[in-house]
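Enquirer: 3D, please:
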Amino acid sequence: QLQLVESGGGLVQPGGSLRLSCAASGFTLDQYSIAWFRQAPGKRREGVSCINRSDGSTHYIDSVKGRATISRDNAKNTVYLQLNNLKPEDTAVYYCATGLISYYCSYYVLNDYDHWGQGTQVTVSS
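Expert: Model (predicted):
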């Protein structure tokens, strides 16, 4: 059974950090493009960061650039999203997703991602 399981979310004060994890089972992550999306209440789901399956290059949206790091541990079949200097506007449910994307992952086309995790809540508040 193909499965993605996120963890690591929580409540953090502005300026704090979290490391989100996305563990895969039933398939090998390094064969896929991997993306982190987030969805805040009343807003569309948006791509945050991704790793291209073709060359391992990464992308970040402007609002998290310099504060986020996406990485992959092939031995653990897990992808991480390190979030630093968190802001209230980062509050959302964060999802990881994988897809056999043939183009650069920065387009974050939701329908092209085949497998999704259940999401992990990140709340940034004082």
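Enquirer: now the most centrally placed residue in the chain: which helix or strand?
Expert: Among the residues of the chain, W36 comes closest to the average C-alpha position under C-alpha atoms, centre = their mean, at 2.0 Å. In the assignment (DSSP states H and E), W36 maps to strand 33-39.
Enquirer: given that strand, what are its sheet partners and their directions?
Expert: Paired strands of strand 33-39, with direction, are strand 46-51 (antiparallel), strand 92-99 (antiparallel) (DSSP bridges).
Enquirer: can you map out the strands along this protein?
Expert: Taking DSSP state E as the test, the strands found in the chain are 3-7, 10-12, 18-25, 33-39, 46-51, 58-60, 68-73, 78-83, 92-99, 115-116, 120-124.
Enquirer: would you turn those into JSON lines with distance to V109 and mean pLDDT?
Expert: For glycine as for every other residue, the C-beta is placed from the backbone atoms N, C-alpha and C. Output for the strands of the chain, formatted as JSON lines (distance: least, C-beta to C-beta, whole Å; pLDDT from 0 to 100):
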{"stretch": "strand 3-7", "distance to V109": "18", "mean pLDDT": "96"}
{"stretch": "strand 10-12", "distance to V109": "29", "mean pLDDT": "98"}
{"stretch": "strand 18-25", "distance to V109": "19", "mean pLDDT": "97"}
{"stretch": "strand 33-39", "distance to V109": "10", "mean pLDDT": "97"}
{"stretch": "strand 46-51", "distance to V109": "9", "mean pLDDT": "98"}
{"stretch": "strand 58-60", "distance to V109": "13", "mean pLDDT": "97"}
{"stretch": "strand 68-73", "distance to V109": "18", "mean pLDDT": "97"}
{"stretch": "strand 78-83", "distance to V109": "18", "mean pLDDT": "98"}
{"stretch": "strand 92-99", "distance to V109": "8", "mean pLDDT": "97"}
{"stretch": "strand 115-116", "distance to V109": "13", "mean pLDDT": "96"}
{"stretch": "strand 120-124", "distance to V109": "22", "mean pLDDT": "98"}
